[in-house]
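K.L.:
Below are the sequence and a predicted model for it; my questions follow.
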Amino acid sequence: MDADHNPIGMPLAPSLRHRRSSPGAWTAAHDTRWPQLAARLLWLRQAGRRSVRIVDVDCGAGGLLLHAAAHARALGFLAIEGRGVDTSPALVGRARVAAARWRDPAIGVTFDLGEMLAALREEQDFPADILLWQPPIATDCNETFRCLLLGAADFVVRGDEPCWRAAA
């Protein structure tokens, strides 16, 4: 792997190549969801969108969500809302500290302590544009759970597997 590609050989976004010090840059560069996430953000921006809402369930320390918000801003989004949810108080605390360092009024990112299923149910009323989900190894995603995921967002980015799109 060279400095301009991630572990699966995809080129890094310019924000990853040139601003490695941004929050979550290392995490995004090594996350198999990054190419799909970056592509979706670009697609939304090229479609004329000026705002975006991203939810990351099981967000850990929030690195991918924080970098996605920075990348969205670099693409020209004028309003970026992010929500991260995790069950670990220590990781949510780290994510909150990292998010508090930002001073960009166009970016609002919150991190909540909570269970993934409860968070997905909360998102049903006002679905996000993008939902980040990292399925555990050997997860059997039944139809009920899949519907819960798709009800929480218009587009689900899930590891190195194909993304899911909510029905139009």
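P.N.:
Thanks, I have it.
K.L.:
pLDDT weak spots in the protein?
P.N.:
1-27, 136-141, 160-164, 166-168 (pLDDT under 70).
K.L.:
go again using 50 as the cut-off
P.N.:
1-10, 15-20 (pLDDT under 50).
K.L.:
which residue ranges form the strands in it?
P.N.:
51-57, 79-86, 107-113, 130-132, 155-157, 164-165 (DSSP state E).
K.L.:
List the neighbouring strands of the first one plus their orientation.
P.N.:
So that's strand 51-57. When pairs are called by DSSP bridges, strand 51-57 turns out to pair with strand 79-86 (parallel), strand 130-132 (parallel).
K.L.:
what's the most buried one of those strands?
P.N.:
strand 130-132 (a mean of 27; mean count of other CB atoms under 10 Å). Every residue, glycine included, has its C-beta placed from N, CA and C.
K.L.:
Show which residues not belonging to it make contact with it.
P.N.:
33, 37, 40-41, 52-57, 59, 64-65, 68, 123, 149, 152-157 (CB atoms under 8 Å, 6 or more residues apart in numbering).
K.L.:
circling back: which among the strands paired with strand 51-57 is found nearest to residue 119?
P.N.:
The minimum distance between residue 119 and the strands paired with strand 51-57 falls on strand 79-86, with 4.1 Å, by CB to CB.
K.L.:
how distant is that closest one from the center of its chain?
P.N.:
Distance, stretch centre to chain centre, for strand 79-86: 8 Å (CA atoms, centre = their mean, to the nearest Å).
K.L.:
can you check stretch 59-76 too?
P.N.:
Using CA atoms, centre = their mean, the offset of stretch 59-76 from its chain centre is 7 Å.
K.L.:
how about that stretch: buried residues?
P.N.:
For stretch 59-76, burial by neighbour count (16 or more other CB atoms under 10 Å) applies to 59-75.
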